[in-house]
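> Just need the structure, nothing else, for what follows:
(chains A and B)
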Amino acid sequence: MIDLQSLSEGISMLISFENFFLMIVGLTLGVILAAIPGFTGSLGIAIMLPLTFGMDPLPSLVFLLSIYTGGLYGGAITAILLNTPGSPAAVATSLDGYPMTKKGFAGRALGVAVGASSIGGFIGISVLLVIIQPLAGFALRFGPTEMFMVAVFGLTIIAALKGDSFVKTLYAGLLGILLGTIGMTSSGAIRGTFGSSELLDGIPIIPALIGLFAVSELFFLVDKGYVAKQQINRRNSLEVMDGVKRAFKYPGNILRSSTIGVFIGALPAAGSTIASLVSYNEAKRASKDPSSFGKGNEEGVVAGEAANNSSEGGALATMLVLGIPGSASAAMLLGAIIMQGWTPGPRLFIDHSDVLYGVIFSELIQEILLVVIGGAFAIIAGRIVQVPTRVLIPTIIVFALIGSFAVRNLMFDAMLVFLFGLLGWYLRKNAYPTIAVVLGLILGPLADTELLRSHQLYGEETFAMFFQRPITLILIALTILGGITPFLMEKKKQKKG
Amino acid sequence: MMENNKTKMQLFHRLFLPALIFIFITIYFLEVQGLDDPRDRMLITPIYWVMAAFFPIILFQEWKNWKAAKPDKKEKEEEETESYEVDAPLSKKALSFMVSIFLYLFLIEHIGFVLITIIFLPTLMWLLGTKDWKLLVFLPIIVTGALYVLFVIWLEIPLPTGILL
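Numbers count the residues shown, from 1 in each chain, chains lettered A, B, ... in the order given. So this is what the prediction gives:
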């Protein structure tokens, strides 16, 4: 499966001071940028892309991929410390990471996140190295009906969310889906923009995320002195290291989450966010104590981080072999490849296998370096929770508003942050889970687009096609299972209780 | 009498949010029905009807929960939800925080990022209880400067200049 000659050539090209320096700079940049709410690893790649114009293909790709790798972990830092996912992929991490911070285990949560990210990423890249071609070939068989079912399957997570009432949770999730369908459709129709040109591309996910998670949290934190009542300064470095070790305690969870991550990462348009959410849900289902999820169970952090980092391997598989970007970051990396004068597609790997093997091998080194760089940054960042809220809140709100503004250079987006903050605050005050709205917002547009594509392909036969395609049938079965399992578990619990 | 008004307000809050959401989705649904291509409402129509079916159920549930919730049960109820935010009153601090964000966003394009942030940060810090003058003076300068360097100089993203232009 591996072309050993090309691999050894790639490794010999990779080993240089320049490439190691670029890896360290790229990882650091990626971690820092993704930790700023409103920024993502893909934005980091976009910003740094022009810097690679004059570079050779190998150092250029190594540098950009290092930003990507650092960015996948960086989003977890603010997700854990401030309930503010630095990137959409860190949403699942915040579900248990932030409750851990509130309980006084911020350092441990950050350590678990960096450990799981590194191991997950290492597994993802190892898989990429070994089964790059067969995996990408399988993912190519996913048509619109399969992708629609992937989105619906992702939405079953809503059913598993523990809220005040199941109907209220679903109501919030369905609202999220409807909000996700706002904007211009692929057929050119305009829906729900109320005349606003800023909404033609749909509701931007970053301001919505920052508003629903971070700003709503700030509205509640304003009456509290500190984010968490704990002393972490002296022992934070030890806690982070302990957390890294603890990530190794869940080999089953890591393996399952990484497998899901690689697979979903390979699916075009699915990406790390869906991978981490699906893995989180599966970890919860497989857990002996699913009720502790959402309340600070480190297994939730492990699942989310292992999956979103391993998804990089899957996304690179479809990108390098087929020229299909599985995520926004992969699309920008593909841009970097085109910028080098290379043509994406099946011939890319055959023509440049030595360089690309070198790039993939560099990823393995990056995952090891991530523990050191990410861990060091976690130790510094962990002190944030000890800053009084009277100082922390004004600083965060300015960063959140300006960060959201900077993504599209629109003050409209900063206003959206405020509006979604109010919505999130009011939802939470009435015991509606905001995560359900977020899930709908992320998966709604995917479901909508794929349903439309299905109809364009199969016309009146669309409904029948869902029951004629084997992969779709498997996904339907998994969706039904995913939908009814929480009920069955609840009934079982009630019987026991 | 006061207690009675308070509980009535609680019922209003419980019913107001689902009603507000329902009004919003109904407007959206009606707008979408006017689209020429039926495929553009393929996902929206069934979701709307499911939500429409949930709406009375939620109203009934909320009314039932409100009726069942007695003042002496409040503490127990809070424990059960395990969430500090449910039924938390809107404090003066939170309200002034919300108003100040709105004013900041409203004024930023007129006054400019640098000036409004230098004014907004110490004002908000003071409203939230910061009394240390060194913090009130230096932190806004550091944060504004850091944001300016990061966005304007390093990333070359122009921030609103307002009257400084």
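> quick one: buried residues of the longest helix along chain B?
In chain B, with assignment by DSSP state H, the single longest helix is helix B:2-33. When neighbours are counted by 16 or more other Cβ atoms under 10 Å in any protein chain shown, the buried residues of helix B:2-33 are found to be B:14-15, B:17-18, B:21-22, B:25, B:28-29, B:31-32. All C-beta atoms are positioned from the backbone trio N, CA, C, and that covers glycine.
> Quick one: find the helix or strand in the chain with the lowest mean pLDDT.
No chain specified, so I'll use chain A. Within chain A, confidence by mean pLDDT, DSSP states H and E is lowest for helix A:41-48 among all helices and strands, at a mean of 69.
> actually it's chain B I care about, not the one you picked
Here the helix or strand of chain B ranked lowest by mean pLDDT, DSSP H and E is helix B:74-81, holding a mean of 46.
> Quick check: what element follows that one along the chain?
Per DSSP states H and E, helix B:74-81 leads on to helix B:92-111 as the next helix or strand towards the C-terminus.
> thinking again about what came up before, what is the mean pLDDT for the longest helix of chain B?
On average, the pLDDT along helix B:2-33 is 84.
> Report the buried residues of the next helix or strand after it.
Sequence order places helix B:44-68 as the next helix or strand after helix B:2-33, per DSSP H and E. In terms of neighbour count (16+ other Cβ under 10 Å), helix B:44-68 has its buried residues at B:44, B:47-48, B:51, B:54-55, B:58, B:61-62, B:66.
> Out of the residues you listed, which are close to chain A?
Near chain A, judged by Cβ under 8 Å from any Cβ of the partner chain, the entries from the buried residues of helix B:44-68 are B:44, B:47-48, B:51, B:54-55, B:58, B:61.
> tell me the contacts of the residue nearest the centre of chain B?
Nearest to the mean C-alpha position of chain B, by Cα atoms, centre = their mean, lies B:Met98 at 7.8 Å. Shown in contact with B:Met98 (Cβ atoms under 8 Å, 6 or more residues apart in numbering or on different chains): A:219, A:422.
> what do you get for the one 3 residues further on?
B:Ile101 sits next to A:215, A:397, A:401, A:418, A:421 when contact means Cβ under 8 Å, 6+ apart.
> Quick check: A:Thr156 vs chain B, distance?
Between A:Thr156 and chain B the distance is 15 Å, computed by Cβ to the nearest Cβ, to the nearest Å.
> helices or strands next to whatever helix or strand that residue lives in in the packing?
Taking DSSP H and E as the definition, one finds A:Thr156 inside helix A:144-160. Helix A:144-160 sits against helix A:166-180, helix A:271-286, helix A:434-458, helix A:470-496, with contacts defined as 3 or more Cβ pairs under 8 Å, 6 or more residues apart in numbering or on different chains; DSSP states H and E.
> Output those helices as TSV; include the columns distance to chain B, mean pLDDT and mean neighbour count.
Formatted as TSV, the helices and strands packed on helix A:144-160 follow (distance: least, Cβ to the nearest Cβ, whole Å; pLDDT from 0 to 100; neighbours: other Cβ atoms under 10 Å in any protein chain shown):
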stretch	distance to chain B	mean pLDDT	mean neighbour count
helix A:166-180	5	91	24
helix A:271-286	17	84	27
helix A:434-458	5	85	23
helix A:470-496	14	76	14
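> Quick one, which of the ones you listed gets closest to A:Leu72.
Nearest to A:Leu72, of all the helices and strands packed on helix A:144-160, is helix A:271-286, at 6.4 Å by Cβ to Cβ.
> could you give the angle of the helix or strand just after the closest one to helix A:271-286?
Note on helix A:271-286: by DSSP H and E, the next helix or strand toward the C-terminus is helix A:298-322. Using axes from the mean of the first three to the mean of the last three Cα atoms, to 10 degrees, one finds that helix A:298-322 and helix A:271-286 are set 140 degrees apart in direction.
> Nearest residue to B:Leu136 in space, please, no chain neighbours.
In this structure, B:Leu136 finds its nearest non-sequential neighbour in B:Pro122, 4.5 Å apart by Cβ to Cβ, 6 or more residues apart in numbering or on different chains.
> Count the residues that sit near the one you found.
Residues near B:Pro122, counting by other Cβ atoms under 10 Å in any protein chain shown, number 20.
> One more: the one 3 residues further on?
Applying other Cβ under 10 Å, we find 22 other residues in the vicinity of B:Met125.
> ditto for B:Leu43
Neighbour tally, B:Leu43, other Cβ under 10 Å: 23.
> so what's it up against?
Applying Cβ under 8 Å, 6+ apart, we find B:Leu43 in contact with A:177, A:181, A:444, A:447-448, A:451.
> could those residues go into CSV alongside distance to A:Leu33?
Shown next, in CSV, are the contacts of B:Leu43 (distance: Cβ to Cβ, whole Å):
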residue, distance to A:Leu33
A:Ile177, 30
A:Thr181, 30
A:Gly444, 27
A:Ala447, 30
A:Asp448, 30
A:Leu451, 34
